[in-house]
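J.: any chance you could fold what I've pasted below:
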Amino acid sequence: MANRMILNETSYFGKGAVANVATEILARGFKKPVIVTDADLVKFGVVEMVTKHLDEKGISYVTYDGIVPNPTIENVQDGVAFVEANQGDCIVAIGGGSPIDTAKAIAIIVKNPEFSDVISLEGIADTKNPCLPILAVPTTSGTAAEVTINYVITDKANNRKFVCVDPHDIPIVAFVDSDMMMGMPKALCAATGMDAMTHAIEGYITQGAWEMTDMLHIKAIEIIGASLRDSVDGCQEAREKMALGQYIAGMGFSNVGLGLVHGMAHPLSAWYNVPHGVACAALLPSVMKYNKDYTGEKYRDIAIALNVPGADAMSLEEARDAACAAIDKLSKDVGIPATISELGVKAEDLDKIAEDAFRDVCTPGNPRETNIEEIIGLYKALM
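T.: Numbering: from 1, shown residues only. Predicted coordinates:
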């Protein structure tokens with residue numbers, strides 16, 4: 001079987017990287033960039049950290065700031081109308097996963113209008129044309145949307161999230177700048193950081209994993225495990241490392257998929273508007289324990305990457321337990337909720353939520369085959 005790797009064209013890393021947004025726009029001959037972001041990032045001056053460089057270069061732009069957490073089909077369609085009305089020839093996506101995911105859907109539909117219903121993009125979309133060019137500026141250290149071929153949209157009418165996978169949607173340039181991430185409050189930093197850890201761990205143990213993605217994921221686990229606590233405390237050096245770690249994880253999982261944590265997290269966001277990173281973080285320790293006997297030596301590798309003393313000399317069972325314990329401790333140390341009832345989840349909804357989780361596109365990648373009854377049991381144990 002052939003393995004495929006898709007990566008974006010160009011990325012900039014480090015403090016001050018966003019100064020290159022204007023340079024790239026001019027070098028590529030774009031005339032009408034559209035900023036896609038959310039109103040809070042405009043309000044608190046985060047977007048201005050990018051647009052001031054456009055102003056200095058005399059680049060005209062317009063801003064669509066209607067993105068909401070867990071962006072919806074309507075959000076995308078409004079964005080498409082805005083881009084088309086302003087004759088945008090590229091998108092500068094500024095934000096966490098929500099603005100960048102929405103920008104991907106908008107950019108795809110602008111160049112592939114037959115998918116304007118948005119819902120038809122679910123799964124592996126058969127688009128014919130590359131999307132409107134996207135320049136992505138992440139403001140969180142978690143989703144790695146700037147380097148993946150995936151995006152997630154919420155179908156409010158049916159209380160669900162759906163995942164879209166499309167090589168045509170990958171941003172052409174990413175600007176991974178820790179200055180853009182210093183405004184994250186502790187809770188957001190913790191949740192997005194644990195989301196990045198989930199990407200790295202699920203990508204490492206997913207059924208599609210192979211040597212090239214393994215090396216990316218294990219390095220990401222090492223960086224995130226060493227940096228997340230200090231990042232949550234506001235250390236800029238740690239936030240810069242987290243920005244790199246989440247990007248590396250994104251390079252991997254984008255090409256091999258994820259697993260049950262994401263499959264179970266998506267319905268929680270759709271049903272209760274729980275931030276995606278929080279949902280993943282709350283689920284990760286329990287799902288790791290559920291999967292541990294189906295992962296070969298990989299949990300030992302995870303324990304070693306997390307600097308667990310003596311992990312290389314432990315029995316396999318001890319090493320697996322040590323990896324689970326290390327992630328559990330990390331999650332608690334950064335303040336992730338220990339139960340999903342704290343997130344508003346209701347026991348009477350679990351049967352339906354579990355059905356959604358079982359059907360989620362991420363679930364088949366899980367190393368352990370699962371079923372609806374076992375998923376219900378996992379949710380109940382977390383109540």
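J.: switch to C-alpha atoms for all contacts and neighbour counts from now on
T.: Noted.
J.: how far away is the most centrally placed residue in the chain from residue 243?
T.: Residue closest to the mean C-alpha point of the chain, counted by Cα atoms, centre = their mean, is residue 143 at 2.2 Å. For residue 143, the distance to residue 243 equals 10 Å [Cα to Cα, to the nearest Å].
J.: tell me how far the strand or helix carrying residue 271 lies from the chain's centre.
T.: Per DSSP states H and E: residue 271 is located in helix 260-272. Distance of helix 260-272 from its chain centroid, counting by Cα atoms, centre = their mean, to the nearest Å, is 13 Å.
J.: how about it: buried residues?
T.: 260, 261, 262, 263, 264, 265, 266, 267, 268, 269, 270, 271 (16 or more other Cα atoms under 10 Å).
J.: which one is the fifth one nearest to, not counting chain neighbours?
T.: So the one you mean is residue 264. In space, residue 264 comes closest to residue 357 once its chain neighbours are excluded; the distance is 4.7 Å by Cα to Cα, 6 or more residues apart in numbering.
J.: tell me the spacing between that neighbour and residue 230.
T.: 33 Å.
J.: the more surrounded of the two?
T.: The neighbour count for residue 357 versus residue 230, taken as other Cα atoms under 10 Å, is higher for residue 357 (27 against 15).
J.: I'd assumed residue 366 was in contact with the more buried one.
T.: No. Using Cα atoms under 8 Å, residue 357 is not in contact with residue 366; the gap is 12.0 Å.
J.: so what sits against both of those two?
T.: residue 260 (Cα atoms under 8 Å, 6 or more residues apart in numbering).
J.: which of the buried residues of helix 260-272 sits closest to residue 370?
T.: Looking at these and their distance to residue 370, the nearest is residue 260, at 8.6 Å (Cα to Cα).
J.: do you know the pLDDT at the closest one?
T.: Residue 260 carries a pLDDT value of 98.
J.: how about it, nearest residue that isn't a chain neighbour?
T.: Residue 260 sits nearest to residue 363 (Cα to Cα, 6+ apart), 4.6 Å away.
J.: please point out which parts of stretch 200-211 sit buried.
T.: Neighbour counts using 16+ other Cα under 10 Å place 200, 201, 202, 203, 204, 205, 206, 207, 208, 209, 210 of stretch 200-211 among the buried residues.
J.: so where is the chain shaky, pLDDT-wise?
T.: The chain contains no residues with pLDDT under 70.
J.: strands of that one, start to end?
T.: Shown for the chain, the strands assigned by DSSP state E span residues 10-13, 33-36, 62-64, 90-95, 123-124, 134-138, 150-155, 160-165, 173-176.
J.: for those, give me TSV that also has distance to residue 336 and mean neighbour count.
T.: Listed next are those as TSV, based on distance: least, Cα to Cα, whole Å; neighbours: other Cα atoms under 10 Å:
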stretch	distance to residue 336	mean neighbour count
strand 10-13	28	15
strand 33-36	29	25
strand 62-64	32	18
strand 90-95	22	27
strand 123-124	30	16
strand 134-138	22	28
strand 150-155	22	24
strand 160-165	22	22
strand 173-176	25	26
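J.: of the ones you listed, which is nearest residue 300?
T.: When these are ranked by proximity to residue 300 (Cα to Cα), strand 150-155 comes first, at 28.9 Å.
J.: chain center to that closest one, what's the gap?
T.: The answer for strand 150-155 is 11 Å, by Cα atoms, centre = their mean.
J.: and the contacts of it?
T.: 70-73, 101-102, 104-105, 119, 145, 160-166, 169, 254, 270.
J.: angle of it against helix 260-272?
T.: 30 degrees (axes from the mean of the first three to the mean of the last three Cα atoms, to 10 degrees).
J.: what's the distance between the closest residue to residue 84 other than its chain neighbours and residue 125?
T.: Leaving aside its sequence neighbours, residue 84 sits nearest to residue 110 (Cα to Cα, 6+ apart; 7.4 Å). The gap separating residue 110 from residue 125 is 15 Å, by Cα to Cα.
J.: more neighbours: these two, which one.
T.: Each of residue 110 and residue 125 has its neighbours counted (other Cα under 10 Å); residue 110 has more, 24 against 14.
J.: so what's that one up against?
T.: 80, 83, 84, 131, 132.
J.: mind redoing it with 10 Å?
T.: 77, 79-81, 83-84, 88-89, 104, 116, 129-132 (Cα atoms under 10 Å, 6 or more residues apart in numbering).
J.: next: residue 239.
T.: Contacts of residue 239 (Cα under 10 Å, 6+ apart): 140-141, 177-182, 184, 189, 193, 224, 227-233, 245.
J.: kindly report the same for residue 382.
T.: Residue 382 neighbours (Cα under 10 Å, 6+ apart): 282, 283, 286, 338, 339, 340, 341, 342, 345, 376.
J.: now the third one: how far from residue 260?
T.: The span separating residue 286 from residue 260 equals 11 Å under the rule Cα to Cα.
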